[in-house]
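pasting the sequence and the predicted model now:
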Amino acid sequence: MEFYLQTMEPAIDEAMSVVGEFVGADPKDLAFVDNATVAMNVVAENTPLKPGDEVLINDHEYGAVFRIWRHKCEISSAKLVTARIAETAPISSVDDVVQPIVQSVTARTKLVVVSHITSPSAIVFPVKEICKAARERGIPVCIDGPHAIAMRDVNLTDIGCDYYCASMHKWLSAPCGSGFLFVRRDRQIGIQPHLTSWGKSLSGRAERWQDVLNWLGTRDPAPFLAIPTAFEFLEGVGLANFRRQTHELAKQCRSRLEEFFGTKCLIPDSIDWYGSMTAVPLPESVPKKSKPNAMHPLQQELRDRFRIEVPVMEYFGHLLLRASFHLYNSAEDIDRLMEALAKCHR
Ligand SMILES: Cc1ncc(COP(=O)(O)O)c(C=O)c1O
């Protein structure tokens, strides 16, 4: 009880200060949540929509994020509008991403939802420019950012978004269950999560908007409290080293996969457009999945026969193979992947 009632809140504040410093935000504007999915749900629940209102998403977004907003729009008789960025591929400029979004804005658009780094296509989206364009039109932006934490230098103040949803178990390698939600100050009042609990400080300090999220019944705060150690570890290796080393591997892998498959990536070969993971199109000759929910046979074979984990994702009619690199990977892993592909890609 002493831990829950007295020690935990200051410890969470301390962990939040570390996160705030890392992502360029005032810790007062951040709340810990289990993961980006929970954060996105909190944003959806706290976005009032009337019949006819629109939420603007795009065709590079994560499947579950589509589903959250499709559901929210359905129950509100609102419309989920999908900006077609995939149609402008290959992408060669910031405008190739920003313009399809801007052109899909209408007088009824109530929110833009956009990834910082896209899941199926591994593209670093120009989120600062997207936020600027949306702000000029008076539209708030919610960024889905789980892949950006640690992979990129994230500065939320500079990006200028209204909401940012993150999971820190990905590239930061913090424990599962260590996500955060950033809410711009003028949008914090009245935020309520999907679960109702005490909604107040346990230690008796002055109330804050995060209190409704901090205490969702008795649960294990260890993932949040372990975040500073994860930062310390990565900073010990050197963030710049981590980013350079893993990008170099992603770059090598990209060029070998492009040569092997005879295809071209959707984005320029530049660290501005991708970081530690790369998504390479498969040739048209590779059959699509038989069932939408099934794993692609190539992904299954690489896993089962070679113990290589690379998702093969269907993306608006194309198949993309995505390879990710962390500190435990080396160029030998790319050799292994290429040897495995030579055996199973016929
Ligand atoms: C772009 C993107 N958004 C959201 C999520 C959901 O993250 P989580 O499962 O940690 O909630 C993922 C997970 O892979 C993702 O890649």
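Done, it's in. All figures in this text were calculated on a predicted structure; none of them were measured in a lab.

when you work out contacts or count neighbours from here on, use the C-alpha atoms and nothing else.
OK.

what is the residue of the stretch 151-300 of the chain found nearest the ligand paired to in the beta sheet?
Here the residue of the stretch 151-300 of the chain nearest the ligand is residue 167; by Cα to the nearest ligand atom that distance is 4.8 Å. In this structure, residue 167 bridges to residue 179 when assessed by DSSP bridges.

show me which residues of the stretch 51-200 of the chain are close to the ligand?
Proximity of the stretch 51-200 of the chain to the ligand (Cα under 6 Å from any ligand atom) is limited to residues 62, 115, 118-119, 144, 146, 167.

can I get these in TSV with pLDDT and distance to residue 315?
As requested, those are exported to TSV (pLDDT from 0 to 100; distance: Cα to Cα, whole Å):
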residue	pLDDT	distance to residue 315
62	96	11
115	98	15
118	97	11
119	96	10
144	98	18
146	98	19
167	98	23
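
just those now: which is nearest residue 33?
Checking these against residue 33 by Cα to Cα gives residue 167 as the nearest, at 8.6 Å.

wait, the closest one touches residue 178, no?
Yes - taking contacts as Cα atoms under 8 Å, residue 167 lies within contact range of residue 178: 6.1 Å.

between those two, what contacts are shared?
34-35 (Cα atoms under 8 Å, 6 or more residues apart in numbering).

so which of the two has more stuff around it?
Taking other Cα atoms under 10 Å, residue 167 and residue 178 do not tie; residue 167 has more neighbours (30 against 24).

so who does the more buried one touch?
Going by Cα under 8 Å, 6+ apart, the list of residues near residue 167 reads 34-36, 145-147, 149, 177-180.

coming back round to it: from the residues of the stretch 51-200 of the chain next to the ligand, pick the one nearest residue 272.
residue 118 (13.6 Å).

quick one, what contacts that closest one?
60-62, 124-125, 147 are the contacts of residue 118 under Cα under 8 Å, 6+ apart.

closest to residue 162 out of those residues?
Proximity of these to residue 162 was ranked by Cα to Cα; the top entry is residue 125 with 16.3 Å.

the closest one: neighbouring residues, count only.
By other Cα under 10 Å, the residues close to residue 125 number 20.

any stretches of this structure with poor pLDDT?
346 (pLDDT under 70).

show me what the longest helix belonging to it is packed against.
Across the chain, the longest stretch assigned as helix under DSSP state H is helix 239-261. Using 3 or more Cα pairs under 8 Å, 6 or more residues apart in numbering; DSSP states H and E, the elements in contact with helix 239-261 are strand 277-281, strand 318-324, helix 331-344.

ok, and what's touching that helix?
Against helix 239-261 from outside (Cα under 8 Å, 6+ apart): 150-152, 234, 264-265, 269, 271, 274-283, 323-327, 330-331, 334, 338.

ok, 6 Å please
The set of residues external to helix 239-261 that reach it, using Cα atoms under 6 Å, 6 or more residues apart in numbering, is 264, 275-278, 325-326.

and the angle for it with strand 277-281?
Counting by axes from the mean of the first three to the mean of the last three Cα atoms, to 10 degrees, helix 239-261 lies at 10 degrees to strand 277-281.

and for residue 74, the neighbour number?
Count around residue 74 with other Cα under 10 Å applied: 12.

next one: residue 195
Look at residue 195: counted by other Cα under 10 Å, it has 12 neighbours.

spatially nearest residue to it (excluding sequence neighbours)?
Spatially, and ignoring its direct neighbours in sequence, residue 195 is nearest to residue 216 (6.8 Å; Cα to Cα, 6 or more residues apart in numbering).

and what about that neighbour, helix, strand or coil?
The three-state label given to residue 216 by DSSP: H, G, I helix; E, B strand; the rest coil is coil.

isn't it up against residue 197?
Yes - taking Cα atoms under 6 Å as the definition, residue 216 is a contact partner of residue 197 at 5.5 Å.

how about the helices and strands packed on helix 239-261 in a markdown table, adding mean neighbour count and distance to residue 157?
Shown next, in a markdown table, are the helices and strands packed on helix 239-261 (neighbours: other Cα atoms under 10 Å; distance: least, Cα to Cα, whole Å):
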| stretch | mean neighbour count | distance to residue 157 |
| --- | --- | --- |
| strand 277-281 | 26 | 25 |
| strand 318-324 | 21 | 28 |
| helix 331-344 | 15 | 36 |
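
whichever residue of the stretch 101-250 of the chain sits closest to the ligand: which element?
Nearest to the ligand in the stretch 101-250 of the chain, going by Cα to the nearest ligand atom, is residue 119, at a distance of 4.4 Å. Assigned by DSSP states H and E, residue 119 belongs to neither a helix nor a strand.

distance of it from residue 229?
26 Å (Cα to Cα, to the nearest Å).

those two: which is more packed in?
residue 119 (21 against 13).

just give the nearest non-adjacent residue to the more buried one, would you?
residue 62 is the one closest to residue 119 (Cα to Cα, 6+ apart), at 5.8 Å.

for the one you found, grab the count of nearby residues.
16.

got it, and residue 232?
Residue 232 has 12 nearby residues by other Cα under 10 Å.

which SS class is it?
Residue 232 falls in the helix class when you classify it by three-state DSSP.

which residues of the chain fall in strands?
For the chain, the strands defined by DSSP state E cover 30-33, 54-58, 79-83, 109-115, 141-144, 163-167, 179-183, 277-281, 312-315, 318-324.

the second one pairs with which strands?
By that I understand strand 54-58. Going by DSSP bridges, the partners of strand 54-58 are strand 79-83 (parallel), strand 109-115 (parallel).
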